[in-house]
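**Q** 3D model of this:
(chains A, B, C, D, E, F, G and H)
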Protein chains: 8
Amino acid sequence: MMNSDRLKTLLENVKSGALSIDDAVNSLKTLPYEDLSFARIDTHRALRRGAPEAIYSEGKTPEQIAAIARVISDSGQMVLATRASHSLYLELAEKFKDITWHTQARIITIGTLPEPDLSRRILVITAGTTDIPAAEEAAVTAAAMGCSVEKLYDAGIAGLHRILDNIDLLRSVSVIVAVAGMDGALPAVAAGLVSCPVIAVPSSTGYGAGSGGIAPLLTMLNSCSPGVAVVNIDNGYGAGYLAALITGRNQ
Amino acid sequence: MMNSDRLKTLLENVKSGALSIDDAVNSLKTLPYEDLSFARIDTHRALRRGAPEAIYSEGKTPEQIAAIARVISDSGQMVLATRASHSLYLELAEKFKDITWHTQARIITIGTLPEPDLSRRILVITAGTTDIPAAEEAAVTAAAMGCSVEKLYDAGIAGLHRILDNIDLLRSVSVIVAVAGMDGALPAVAAGLVSCPVIAVPSSTGYGAGSGGIAPLLTMLNSCSPGVAVVNIDNGYGAGYLAALITGRNQ
Amino acid sequence: MMNSDRLKTLLENVKSGALSIDDAVNSLKTLPYEDLSFARIDTHRALRRGAPEAIYSEGKTPEQIAAIARVISDSGQMVLATRASHSLYLELAEKFKDITWHTQARIITIGTLPEPDLSRRILVITAGTTDIPAAEEAAVTAAAMGCSVEKLYDAGIAGLHRILDNIDLLRSVSVIVAVAGMDGALPAVAAGLVSCPVIAVPSSTGYGAGSGGIAPLLTMLNSCSPGVAVVNIDNGYGAGYLAALITGRNQ
Amino acid sequence: MMNSDRLKTLLENVKSGALSIDDAVNSLKTLPYEDLSFARIDTHRALRRGAPEAIYSEGKTPEQIAAIARVISDSGQMVLATRASHSLYLELAEKFKDITWHTQARIITIGTLPEPDLSRRILVITAGTTDIPAAEEAAVTAAAMGCSVEKLYDAGIAGLHRILDNIDLLRSVSVIVAVAGMDGALPAVAAGLVSCPVIAVPSSTGYGAGSGGIAPLLTMLNSCSPGVAVVNIDNGYGAGYLAALITGRNQ
Amino acid sequence: MMNSDRLKTLLENVKSGALSIDDAVNSLKTLPYEDLSFARIDTHRALRRGAPEAIYSEGKTPEQIAAIARVISDSGQMVLATRASHSLYLELAEKFKDITWHTQARIITIGTLPEPDLSRRILVITAGTTDIPAAEEAAVTAAAMGCSVEKLYDAGIAGLHRILDNIDLLRSVSVIVAVAGMDGALPAVAAGLVSCPVIAVPSSTGYGAGSGGIAPLLTMLNSCSPGVAVVNIDNGYGAGYLAALITGRNQ
Amino acid sequence: MMNSDRLKTLLENVKSGALSIDDAVNSLKTLPYEDLSFARIDTHRALRRGAPEAIYSEGKTPEQIAAIARVISDSGQMVLATRASHSLYLELAEKFKDITWHTQARIITIGTLPEPDLSRRILVITAGTTDIPAAEEAAVTAAAMGCSVEKLYDAGIAGLHRILDNIDLLRSVSVIVAVAGMDGALPAVAAGLVSCPVIAVPSSTGYGAGSGGIAPLLTMLNSCSPGVAVVNIDNGYGAGYLAALITGRNQ
Amino acid sequence: MMNSDRLKTLLENVKSGALSIDDAVNSLKTLPYEDLSFARIDTHRALRRGAPEAIYSEGKTPEQIAAIARVISDSGQMVLATRASHSLYLELAEKFKDITWHTQARIITIGTLPEPDLSRRILVITAGTTDIPAAEEAAVTAAAMGCSVEKLYDAGIAGLHRILDNIDLLRSVSVIVAVAGMDGALPAVAAGLVSCPVIAVPSSTGYGAGSGGIAPLLTMLNSCSPGVAVVNIDNGYGAGYLAALITGRNQ
Amino acid sequence: MMNSDRLKTLLENVKSGALSIDDAVNSLKTLPYEDLSFARIDTHRALRRGAPEAIYSEGKTPEQIAAIARVISDSGQMVLATRASHSLYLELAEKFKDITWHTQARIITIGTLPEPDLSRRILVITAGTTDIPAAEEAAVTAAAMGCSVEKLYDAGIAGLHRILDNIDLLRSVSVIVAVAGMDGALPAVAAGLVSCPVIAVPSSTGYGAGSGGIAPLLTMLNSCSPGVAVVNIDNGYGAGYLAALITGRNQ
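**A** A predicted model of the protein is given here:
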């Protein structure tokens, strides 16, 4: 590990007399934040455990994204770019091999996704079909972090049997990610049926009062069923990442 | 009818020449709003059909309330005072006979409630026990308007079986009034199970983001299940009144 | 009916000894959510009573909508797609017969609308001309559910005579749907004049503080006249559906 | 007038040579903001035309209020203290003669109110009885500024005939101040019936969504009827002051 | 006047015996809302005094606007269409003579504007140049109602001398319309300097917290200087109309 | 198990002919929701795994709470009452043995807390001392569900070294619960330093814009560091419950 | 300096062989956050330069406050407790000498305030008398940090001459702290007149829309005059601290 | 100076008797606001000290901007146009020499920027790359006012080492401008590490609850670290201007 190496070299130079103690003290005073780089290295370790480096594409130019992706890619890690347009994909596809366009998730991945770890099973459910993009963002993110992801879409509470029909599936996984817009009641209903954590993702579908995802966000924060973790509106990436961290706790 | 009489007199005076046409035109310009008094009379008819005259007690002095109640009572109608305190009840009880204090509903009624009409069955349900005051306000109001009211309290979605166990009851009534705070998901779940209208009452229980009833109000306005009518937060009176109007449609 | 048939077959097998009681118990344990399908079947019954299956078109691709419409249409039910664009209509018109484009309502129907039931009269009123799309959405929805729908548009309170001139019409129907933007006062004024339920639809017309329908929504929730049921901003579909449910109570 | 005197003295010194022109220029450069005191003097003139000096009592100690009132009173003007408690009145009554406690308006006046000027007729109307405090604040303020004030309380739109019955009164005044809570529709309805300005005062009565006066404030800002001037929630003082300014335009 | 004519004819028929009294009573029962048309006629009178019939163009098709304009125009009144685009003007210009496009006000007028009445002087001021459209909307509206309108633009409080330099102008008019975005402080500053009413128009210029006009709206509602009347954000039409009503009080 | 027994009896009656197949079908149609009682039993199982039955005390009378607690206690489970006052504790202490008052957490527990499971380590951190009540609520809840809970209070970002000094502790646990008011930045900072999930609890400390916990809630939902799960403002119970569920995943 | 000493010792041990290089690397990995303690020490230096350690008293018990104050006091620094009640003062006065109760500022100081540095002149102004508590909080804080503080209270824009009369004073200081509620326009007006930074403090005085300080906060954030720094509502402490930091820049 | 000249002439006329004292008094009463023009001249002096005249380009036509720029430019001052598009630059480039397009800052400057004053060092930092436009707007503004500007971009708290690595840089400058969106925590973290003022700029990057910059704005207003000055969302110009004023305090 580089920083340890640098430290060792410095200390060896002190031991050998090549570096005076006062100069070493001065050098080390500037190190602490390099020591904090250890945190960075720890992050690297976390990444090797499955967390892809993510690029939030909105507000960045294709050039910026390509440059960041190059650094990540060259370091041997998988690249995961969220909120990506198809045109961005076409631009990156000219520069990177092993690149995949996850249409509904609006995610570009560069590199090979890990094999799904069947001991880390996640279920992603949605209330309606318009909630699918955020759900797919969560699913691809968790899969990129090594989870085994199953899906159950369009199972909202207006037809309660759709969720009840699948209660065995719900009870068999380690984490549920539940995406819902409008009344946002699905996560609370699901959490009442299972004993695993439910990650609730408000989606910005719908219109009128509480539109833009505010109504389901408030519903989820006020869930009568405990065991519900809320992330920001449309934040499928955050939900997938959190789900992977939680299942990673098994290791 | 008086106004017709007045009109006839006026026209007879025109015919006889006792009133000039120009003066008659001027008089008639002032009449229309007396004609609108007909609406008042029609309102009276509606009241005789079971709608008690309601007094919203907050912000009124006991003296004001007693005076209004006296007018209503003397006209032979039932008095219904909402948001009433027990001390108000004690004050009124010294002045009125046949007065009842509906503790949980915080309603005072003066006069005899009508016999429940079994063809106008209403079910009032709540998600939790703290939603009961608004539910009782709805129940007493609808009962005062002649409805037959049944209740199912503490049947929120965190334990879905509580509502599903009673699905036959839900399907047997003409209107459901559903009161819920926090996630406010009960009305949407109920509406997905029945084919009668569901009147949703957000209650101001709970805390944090969307507290004061805003979270359940938005949930209810955004219900994925159609057939949900929303009233203002804690407005049990409005829900009961609306339920009675809807069942009154049978007549 | 299929589920009853399946149950019968199972029971006949029990009776004949072809199925052991223990196996039957196990089978029936998995049935409950199929039993909940009965709710679905009940919904089917409701649909046969006039409720068209609705597709909310926004956020769905034409392909998705066509696929859903095909399932509904093949089951012999009417299709009702809301928030539909004219281009969606053109796409669907290539695939479906008996398809109608309701321009102002932005609704596509596939199949024949039922004959209006004159015992289920609904009046749709608007404050202004810009409220007409939501009003038409309500009118087409209620008509598709079998109601007899009348309309009175541009009758806002700035010229009170416009609503007062039609007071007999207002008093003759079973339900009023009132659409209003800006001050949103029309439903409260109308409710003060009649004894039937008034369904209030805030419309998103207008500008400035409380724009997007928030101002009329709050006005309607705070109506001084009881008997007002509120739906979400621009939710003409929900208002029409609710109106049809209420008039359906007569049956 | 002092400032004119100071100016004259200065100029006389210039004329006599006692003050050099350069020194006079320097002095005058510092004067302008004393000249702005002329604006103050103009305010004095306005006050003599009927505007009492107002003290907003909330957040001030009785001592502070007494001190301010003493200065105003000693200058020969009427004192008008708004949002005053009865205990404040009792404290001031020990120090000031000719003091009046306007109970419902929560206003204390010190000094004699002017004779009502019948050419400056103002009508104050309210939707309900709980709107009366703000209405009375407006009425007392306008009366203190010399207007002739009439009142019509509890004339909300839930019973439209109450306002229509008095249309001649509404049409006979120079300005209408309309106070309403909850749906806040009264000013818009009134403005549709008259050709004088209507000053709309949202009141903080009511509960639930839009409570605290927000709902009626938005209703009033979005009035479909033009000719509506809005002031802040419960700001009866501002409404009365504005009404008096408008009628003062006659002079 | 037509309605009076109809009434007269009816009464003459009663007098002559051509109409029975009972039939006349029945006719008159249906008249009240025609009597309310008297209000309309009164409005007509008001219009003859200078109030043009206004069409809010947004959300209406050019065909609808042309049809409404034709009715107004044919009745001999001036047409005033607000929030009008230039393309709308071009369409209308093919159908109407004597049509004017007020570029900055985004108003189309059809018919001749009245001569300015010098006894009804209005001053329209703005804080910045981006506030000019709302200011021009107010100015054209007031001018169309017969007022004499002066303007003082870009006089915001960041350079206080700009408003103080013109204090004599401010003090010489009957009403000030003050348009401001961002901090919205201009009306309060102006009201502190004059004794006439100030109509405050928040404009939707600016960005960030309180953007869309919310910040200046709140500033204006909370003005420390009394005498400020607030209208909705960007509602120049309402401000001009109100200003004209106030100055009309002189007559 | 009762339901299986009932099913068997029914099927035996079918087999024996004592029950007709049609009657059996009708009976079975009503069963499913009894089958859902299985979910209830499963919930019981979950409870035996450590989840105490929680009573939210606000809005309930001491009598109601005592009655609910009696049922839970008699079923052999631990009782956990949140948002409990000391006076409630004194009342319950007269009726229950083995009752504990957790002062700072405002929690009453009845029954013995489980031994902490050292494989389920949770760290609760706060930004300031005023965040401690919500933190203690989380800590007691998680402890009652069997977790091993450590605490690090008053470690907000204004003195970053306080959190950095304890980075080894942060990195050694399975879940971090981070409570913060005002800027709410602590969870995001913590999440950037560790690879376990961070449950963020906004607290309602502070004043001014975004007070009542809105500012930290928004900060937490917008955390730049992924891996943050948000619960409602002051919802320490929800955070502790969620933390316990997550660590329970190890089993 | 201790840390340098510790580093030297460590390095000397490496040099002497008393510490292996690997152990030294491990030791140094834990150092950075002790290095961050340097920041702490630097903060101490900053404090010696005049910044008193502040205790926000709300939500803390008198015992907690006394304990914190003891630590600060024993380290030789001044204690400054904000939002302090008089009863807190009485409790602390029994335990600390040299304690002062700043009544209007609601601040308790323990220790001697520094001599005012006349090269660091700050002017605190308010729009009204109810803004004085926040202003005094700023003034005492800045004085405690060594500034020379002048005050000009009740100089709001409703009487513009009050601020203009003192323009020389405004232009003579290094920083202005301007506190205002309601319309919040004072800081923008002041900033337009001077070339020093203006720190704007919204105060929570007033009522109605935008009350609680929201209206002046938005006004200040949207100031047309640049050079305005905003702090949170009623945050006089933050304003005084910031003012002191800015003037400290001279050193 | 003209105004002094006019004053002298007037006084000479008084001295010579050409102007009576009374007439002079009347003339001088009208002068004050011309005297306030002195403030304008003082502003000129401020400008000569480095503050460029700024034009906010949004909502202005290129012609208006060119005209304003011409006046400023002809008076010998630098022009600084913010929120400028590239097409505006191209239009102005045809009319002005010495014009520069600052791409990322979206600023056009006309004239030569002053030499950076190394005694006025400002550091501009951002949390992410999407915050750079507001940061560049601040940097160019401060540079145009003579400051020496350094930059540190993409140093958000998700990777704390990025800011800690540069702590010496942070501690070496006179003012820090910190731009952050989403959680907005960077300014609070920075302020905890330094003793200079930190100007916090919320940026409108991000999505979901609190988007548009509301979340970071609230975070910054609620910073636990004192010494933070907040400006409006995306207001880089205001931050740069304020930073320059603060450093200007050294002079």
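
**Q** Would you state the helices of chain A in chain order?
**A** A:2-16, A:21-30, A:32-48, A:62-74, A:86-93, A:132-144, A:161-164, A:167-172, A:186-191, A:214-221, A:236-248 (DSSP state H).

**Q** for the last one, the distance to its chain's centre please.
**A** Taking C-alpha atoms, centre = their mean, to the nearest Å, one finds helix A:236-248 lying 5 Å from the centre of the chain it belongs to.

**Q** send the alpha carbons of the longest strand along chain A over as CSV?
**A** What stands out as the longest strand in chain A, according to DSSP state E, is strand A:117-126. Backbone C-alpha positions of strand A:117-126 (Å, rounded to 0.1, in the frame of the first residue of the first chain) are rendered in CSV as follows:
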residue,chain,number,x,y,z
ASP,A,117,-24.3,-13.3,-4.8
LEU,A,118,-27.4,-15.5,-4.0
SER,A,119,-26.9,-14.8,-0.3
ARG,A,120,-27.6,-11.2,-0.9
ARG,A,121,-31.1,-11.3,-2.4
ILE,A,122,-32.9,-8.0,-3.0
LEU,A,123,-36.5,-7.5,-4.3
VAL,A,124,-37.4,-4.3,-6.1
ILE,A,125,-41.1,-3.6,-6.3
THR,A,126,-43.1,-0.7,-7.9
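
**Q** hmm, who's touching it?
**A** Where contact means C-beta atoms under 8 Å, 6 or more residues apart in numbering or on different chains, the residues beyond strand A:117-126 that reach it are A:132, A:134-135, A:138-139, A:142, A:146-156, A:163, A:169-170, A:172-180, A:186, A:190, A:203, A:240, A:243-244, A:247-248, A:250. (C-beta placed from N, C-alpha, C; glycine too.)

**Q** Mind listing the strands that strand pairs with, and their directions?
**A** Partners of strand A:117-126 in the sheet, by DSSP bridges, are strand A:147-152 (parallel), strand A:175-180 (parallel).

**Q** Could you dump these into TSV and include mean neighbour count?
**A** Shown next, in TSV, are the strands paired with strand A:117-126 (neighbours: other C-beta atoms under 10 Å in any protein chain shown):
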stretch	mean neighbour count
strand A:147-152	20
strand A:175-180	31
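
**Q** Would you reformat those as TSV and include mean pLDDT?
**A** As requested, those are arranged in TSV below (pLDDT from 0 to 100):
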stretch	mean pLDDT
strand A:147-152	95
strand A:175-180	97
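
**Q** so which of those comes closest to G:Val228?
**A** strand A:175-180 (42.5 Å; C-beta to C-beta).

**Q** quick one: A:Glu94 from H:Gly192, how far?
**A** From A:Glu94 across to H:Gly192, the span is 45 Å (C-beta to C-beta, to the nearest Å).

**Q** between those two, which one's more packed in?
**A** Applying other C-beta atoms under 10 Å in any protein chain shown to A:Glu94 and H:Gly192 shows that H:Gly192 carries more neighbours, namely 23 against 8.

**Q** thinking A:Thr109 is in contact with A:Ala84, fair?
**A** No - applying C-beta atoms under 8 Å, one finds A:Thr109 not in contact with A:Ala84, separated by 9.7 Å.

**Q** Tally up the residues packed near A:Ala244, please.
**A** By the criterion of other C-beta under 10 Å, A:Ala244 has 29 neighbours.

**Q** Can you give the distance of stretch A:98-114 from its chain's centre?
**A** Per C-alpha atoms, centre = their mean, the centroid offset for stretch A:98-114 relative to its chain is 13 Å.

**Q** Identify each buried residue in it, please.
**A** Neighbour counts over stretch A:98-114 (16 or more other C-beta atoms under 10 Å in any protein chain shown) mark A:99, A:101-102, A:105-111, A:113 as buried.

**Q** Tell me the one among those residues nearest to chain E.
**A** Ranked by distance to chain E (C-beta to the nearest C-beta), the buried residues of stretch A:98-114 are led by A:Arg106 at 27.8 Å.

**Q** so the closest one sits right up against A:Ala81, yeah?
**A** No - counting by C-beta under 8 Å, A:Arg106 sits too far from A:Ala81 to count as a contact (9.2 Å).

**Q** how much space between whichever residue of the stretch 151-251 of chain A sits closest to chain F and F:Asn235?
**A** Taking C-beta to the nearest C-beta as the measure, the point where the stretch 151-251 of chain A comes nearest chain F is A:Ala229, at 3.3 Å. Distance, A:Ala229 to F:Asn235, using C-beta to C-beta: 11 Å.

**Q** same question, A:Leu160
**A** Note on A:Leu160: its distance to F:Asn235, by C-beta to C-beta, is 26 Å.

**Q** what do you get for A:Arg120?
**A** For A:Arg120 relative to F:Asn235 (C-beta to C-beta), the value is 27 Å.

**Q** Next, count neighbours for whichever residue of the stretch 51-200 of chain A sits closest to chain B.
**A** With C-beta to the nearest C-beta as the measure, A:Ala185 is the residue of the stretch 51-200 of chain A nearest to chain B, at 3.6 Å. A:Ala185 has 32 neighbours, counted by other C-beta under 10 Å.

**Q** Does it touch A:Ile157 like I think?
**A** Yes - taking C-beta under 8 Å as the definition, A:Ala185 is a contact partner of A:Ile157 at 4.9 Å.

**Q** just to revisit the earlier point, got the strands paired with strand A:117-126 as JSON lines, with distance to D:Gln64 columns?
**A** Shown next, in JSON lines, are those (distance: least, C-beta to C-beta, whole Å):
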{"stretch": "strand A:147-152", "distance to D:Gln64": "67"}
{"stretch": "strand A:175-180", "distance to D:Gln64": "55"}
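
**Q** which residue sits closest to A:Ser174, ignoring its sequence neighbours?
**A** A:Thr247 (4.9 Å; C-beta to C-beta, 6 or more residues apart in numbering or on different chains).

**Q** mind listing what that neighbour touches?
**A** Residues near A:Thr247 by C-beta under 8 Å, 6+ apart: A:117, A:119-122, A:147, A:174-175, F:249.

**Q** List only those of those residues flagged as buried.
**A** Buried members of the contacts of A:Thr247, counted by 16+ other C-beta under 10 Å: A:117, A:120-122, A:147, A:174-175, F:249.

**Q** list the contacts for the residue of the stretch 51-200 of chain A found nearest chain H?
**A** In the stretch 51-200 of chain A, no residue comes nearer to chain H than A:Gly59, which is 3.6 Å away by C-beta to the nearest C-beta. By C-beta under 8 Å, 6+ apart, the residues touching A:Gly59 are H:129-130, H:205.

**Q** can you pick the most crowded of those?
**A** H:Thr205 (27 neighbours).

**Q** In terms of pLDDT, where does A:Leu242 sit?
**A** In this model, A:Leu242 is scored at 96, pLDDT.
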